[in-house]
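# Provided below for reference: sequence and predicted model.
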Amino acid sequence: MPAHTWPIRVYFEDTDAGGIVYHANYLRWAERARTESLRAIGLPHQLMIERHASLLVVRRIEVEYAAPARLDDSLVVETRVLAVRGASLDLDQQVLDADSKAVRAVLKVGLVCVRAEGLRPAPLPEPWRSRLRDALN
C-alpha cells in the first residue's frame, strides 16, 4: 500500500526567531499525519477508544532533521507502516517539500496500544491490526 500523505503549509506561527520551522512543530505535524492516516483507513482514534477502551500512544520517537523548512513552504508528511506486532507498531514518517520532494525531516515512530484505564499495554484490536498489516510497506 502506498504511503499516506498529509499536506502542510508553514505559517508564521510555525517559525522561530531565525525564520525557520521550530523543531517541535515537526512532531506536531507527524502526530496529525498519523491521526489522519488512521482516519483514511476508516479507523479513527476515537473509534478505538469508544469500542475497545484502548488508544495508541507514542512509546519512542527519533527525529533526524535534514534541511530547514521556512515560512510559506508547502510540505507533505508521508506515513508508512513498517511493522505490526501484538500490541505495537513501527512507522516511518518523512516531511518532504511538496514540490521537489526534498527531505526536511525523517521520523521513526514506535506506537503501543494501551488500555485507556491504567495505560497498560493491550493487543491491537481488530480491525486495526489487520488494516495496519495490510498497509505494511
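Here it is on my side, so go on. Numbers count the residues shown, from 1 in each chain.
# Look up phi and psi at the residue positioned nearest the centre of the chain.
In the chain, the residue lying closest to the centroid (Cα atoms, centre = their mean) is residue 34, at 3.0 Å. Main-chain dihedrals, residue 34, degrees, to the nearest 10: phi -60, psi -40.
# Find the nearest non-adjacent residue to it, please.
With sequence-adjacent residues excluded and distances taken as Cβ to Cβ, 6 or more residues apart in numbering, residue 34 is closest to residue 79, at 6.0 Å. Where you see a C-beta, it was placed from the backbone N, CA and C, and this is true even at glycine.
# now residue 117
Nearest residue to residue 117 in three dimensions, chain neighbours excluded: residue 53, at 6.6 Å (Cβ to Cβ, 6+ apart).
# and that neighbour, how many residues sit next to it?
Taking other Cβ atoms under 10 Å as the criterion, the count of residues near residue 53 is 14.
# Okay, it and residue 93: tell me how far apart.
Going from residue 53 to residue 93 by Cβ to Cβ, to the nearest Å gives 27 Å.
# which SS state does residue 109 fall under?
Judged by DSSP: H, G, I helix; E, B strand; the rest coil, the three-state class of residue 109 is strand.
# List the contacts of it.
If a contact means Cβ atoms under 8 Å, 6 or more residues apart in numbering, then residue 109 has 30, 34, 58, 60, 61, 62, 90, 91, 92, 93 as its contacts.
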